[in-house]
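>>> Please find the sequence and the predicted model below.
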Amino acid sequence: MAERTFVMIKPDAVRRGLIGEIISRFEKKGFRIIALKMIKMTTEQAEELYSPHKDKPFFRSLVEFATSGPVVVMVLEGNNAIDVVRLMIGSTDARKAAPGTIRGDYGLDIQENVIHASDSNDSYEREYKIFFTQEELLH
(Lines give C-alpha, C1' and ligand atoms only; values in the text may rest on other atoms or scores of the structure.)
Protein backbone atom coordinates (compact mmCIF):
# COMPACT_ATOMS: atom_id res chain seq x y z
CA MET A 1 0.00 0.00 0.00
CA ALA A 2 1.31 3.44 -0.93
CA GLU A 3 2.38 5.54 2.02
CA ARG A 4 4.11 8.89 2.41
CA THR A 5 7.05 9.93 4.54
CA PHE A 6 8.96 13.14 5.24
CA VAL A 7 12.71 13.19 4.62
CA MET A 8 15.25 15.94 5.26
CA ILE A 9 18.81 15.97 3.91
CA LYS A 10 20.72 17.73 6.69
CA PRO A 11 23.22 20.62 6.39
CA ASP A 12 26.27 18.34 6.62
CA ALA A 13 25.15 16.34 3.58
CA VAL A 14 24.31 19.50 1.62
CA ARG A 15 27.75 20.96 2.42
CA ARG A 16 29.41 17.73 1.30
CA GLY A 17 27.56 17.58 -2.03
CA LEU A 18 25.55 14.43 -1.27
CA ILE A 19 22.07 15.63 -2.31
CA GLY A 20 21.98 13.86 -5.68
CA GLU A 21 23.46 10.64 -4.32
CA ILE A 22 20.91 10.44 -1.51
CA ILE A 23 17.90 11.31 -3.68
CA SER A 24 19.00 8.80 -6.33
CA ARG A 25 18.93 6.00 -3.75
CA PHE A 26 15.27 6.72 -3.04
CA GLU A 27 14.41 6.96 -6.72
CA LYS A 28 16.23 3.70 -7.50
CA LYS A 29 14.24 2.04 -4.71
CA GLY A 30 11.06 3.11 -6.50
CA PHE A 31 9.91 6.00 -4.33
CA ARG A 32 8.06 8.85 -5.99
CA ILE A 33 8.99 12.41 -5.00
CA ILE A 34 5.76 14.20 -4.06
CA ALA A 35 7.39 17.46 -2.89
CA LEU A 36 10.96 18.76 -2.83
CA LYS A 37 12.73 22.02 -1.98
CA MET A 38 15.96 23.41 -0.62
CA ILE A 39 15.53 25.85 2.26
CA LYS A 40 17.38 27.57 5.07
CA MET A 41 15.45 26.26 8.06
CA THR A 42 14.39 28.82 10.65
CA THR A 43 14.96 28.29 14.36
CA GLU A 44 11.18 27.99 14.79
CA GLN A 45 10.95 25.26 12.13
CA ALA A 46 13.85 23.33 13.69
CA GLU A 47 12.34 23.60 17.18
CA GLU A 48 9.03 22.29 15.84
CA LEU A 49 10.65 19.46 13.88
CA TYR A 50 12.63 18.31 16.91
CA SER A 51 9.95 19.13 19.50
CA PRO A 52 9.75 15.48 20.68
CA HIS A 53 13.32 16.02 22.00
CA LYS A 54 12.74 19.45 23.62
CA ASP A 55 13.42 18.19 27.15
CA LYS A 56 16.63 16.36 26.22
CA PRO A 57 20.10 17.85 26.80
CA PHE A 58 21.01 17.69 23.10
CA PHE A 59 17.94 19.63 21.89
CA ARG A 60 19.64 23.04 21.55
CA SER A 61 22.66 21.67 19.65
CA LEU A 62 20.29 19.75 17.35
CA VAL A 63 18.41 22.97 16.53
CA GLU A 64 21.67 24.87 15.99
CA PHE A 65 22.99 22.15 13.68
CA ALA A 66 19.75 21.97 11.67
CA THR A 67 19.84 25.73 11.09
CA SER A 68 23.59 25.89 10.32
CA GLY A 69 23.09 25.72 6.54
CA PRO A 70 20.66 24.82 3.79
CA VAL A 71 18.68 21.58 3.95
CA VAL A 72 16.62 19.68 1.40
CA VAL A 73 13.13 18.72 2.53
CA MET A 74 10.95 16.26 0.64
CA VAL A 75 7.95 14.01 0.79
CA LEU A 76 8.36 10.54 -0.68
CA GLU A 77 5.60 8.10 -1.60
CA GLY A 78 5.82 4.35 -2.03
CA ASN A 79 4.99 0.98 -0.54
CA ASN A 80 5.62 0.96 3.22
CA ALA A 81 7.55 4.22 2.78
CA ILE A 82 8.09 4.94 6.47
CA ASP A 83 9.58 1.55 7.37
CA VAL A 84 11.54 1.11 4.13
CA VAL A 85 13.08 4.60 4.27
CA ARG A 86 14.05 4.06 7.93
CA LEU A 87 15.79 0.81 6.92
CA MET A 88 17.56 2.61 4.06
CA ILE A 89 18.87 5.42 6.26
CA GLY A 90 20.20 3.22 9.07
CA SER A 91 20.90 3.80 12.75
CA THR A 92 20.74 7.34 14.17
CA ASP A 93 24.34 7.05 15.35
CA ALA A 94 26.17 6.94 12.02
CA ARG A 95 29.16 5.23 13.69
CA LYS A 96 26.89 2.24 14.37
CA ALA A 97 24.88 2.34 11.11
CA ALA A 98 25.32 -0.65 8.84
CA PRO A 99 27.42 -0.28 5.68
CA GLY A 100 25.10 0.13 2.71
CA THR A 101 22.70 2.39 4.60
CA ILE A 102 22.78 6.12 3.91
CA ARG A 103 24.09 6.94 7.38
CA GLY A 104 26.47 3.98 7.32
CA ASP A 105 27.98 5.17 4.05
CA TYR A 106 27.98 8.95 4.59
CA GLY A 107 27.29 9.84 8.23
CA LEU A 108 30.06 10.86 10.60
CA ASP A 109 28.50 10.62 14.07
CA ILE A 110 25.21 10.90 15.98
CA GLN A 111 24.68 14.56 15.02
CA GLU A 112 26.27 14.75 11.58
CA ASN A 113 24.27 11.80 10.32
CA VAL A 114 23.23 13.40 6.98
CA ILE A 115 19.50 12.63 7.01
CA HIS A 116 16.24 12.68 8.96
CA ALA A 117 13.12 10.66 8.17
CA SER A 118 9.75 10.30 9.86
CA ASP A 119 9.56 7.31 12.22
CA SER A 120 5.76 6.89 12.13
CA ASN A 121 2.67 8.08 10.30
CA ASP A 122 1.94 10.49 13.16
CA SER A 123 5.45 11.95 12.82
CA TYR A 124 5.00 12.29 9.05
CA GLU A 125 1.69 14.14 9.48
CA ARG A 126 3.31 16.55 11.94
CA GLU A 127 6.64 17.00 10.16
CA TYR A 128 5.69 17.60 6.54
CA LYS A 129 3.28 20.38 7.56
CA ILE A 130 6.21 22.36 9.03
CA PHE A 131 7.67 22.75 5.52
CA PHE A 132 4.92 22.15 2.96
CA THR A 133 1.34 23.24 2.39
CA GLN A 134 -1.15 20.64 1.19
CA GLU A 135 -1.18 22.41 -2.20
CA GLU A 136 2.57 21.82 -2.63
CA LEU A 137 2.15 18.03 -2.52
CA LEU A 138 1.74 16.48 -5.95
CA HIS A 139 -1.04 13.95 -6.28
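Everything's here; your move.
>>> Is M8 in a helix, a strand, or coil?
strand (DSSP: H, G, I helix; E, B strand; the rest coil).
>>> Bridged to it, which residues?
V73, H116 (DSSP bridges).
>>> got it, and E77?
Here E77, judged by DSSP bridges, has bridge partners R4, R32.
>>> how close does it get to K54?
29 Å (C-beta to C-beta, to the nearest Å). Placement of C-beta: from N, CA and C, glycine included.
>>> What of E48?
For E48, the distance to K54 - C-beta to C-beta - is 10 Å.
>>> Those two: which has the busier surroundings?
The neighbour comparison of E48 against K54 (other C-beta atoms under 10 Å) goes to E48, with 17 against 12.
>>> residues in contact with that one?
By C-beta atoms under 8 Å, 6 or more residues apart in numbering, the contact set of E48 is I130.
>>> May I see the buried residues of the helix or strand where it lies?
E48 is located in helix 43-49, with elements delineated by DSSP states H and E. For helix 43-49, the neighbour count (16 or more other C-beta atoms under 10 Å) marks 45-49 as buried.
>>> following that helix, which helix or strand shows up next?
Criterion used, DSSP H and E; the element after helix 43-49 is helix 59-66.
>>> Tell me the buried residues in that next one?
Within helix 59-66, judged by 16+ other C-beta under 10 Å, the buried ones are 59, 62-63, 65-66.
>>> what's the closest of these to I34?
Nearest to I34 among those is A66, at 21.8 Å by C-beta to C-beta.
>>> Hmm, that closest one is touching H53, no?
No - between A66 and H53 there is no contact under C-beta atoms under 8 Å: 11.3 Å.
>>> what residues are up against N79?
1-3, 30.
>>> Would you list the phi and psi of it?
phi -60, psi 130 (degrees, to the nearest 10).
>>> Now render the buried residues of helix 59-66 as JSON lines, adding pLDDT and distance to R95.
Output for those, formatted as JSON lines (pLDDT from 0 to 100; distance: C-beta to C-beta, whole Å):
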{"residue": "F59", "pLDDT": "95", "distance to R95": "21"}
{"residue": "L62", "pLDDT": "94", "distance to R95": "17"}
{"residue": "V63", "pLDDT": "97", "distance to R95": "22"}
{"residue": "F65", "pLDDT": "96", "distance to R95": "16"}
{"residue": "A66", "pLDDT": "97", "distance to R95": "20"}
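>>> Sweet, I'm off.
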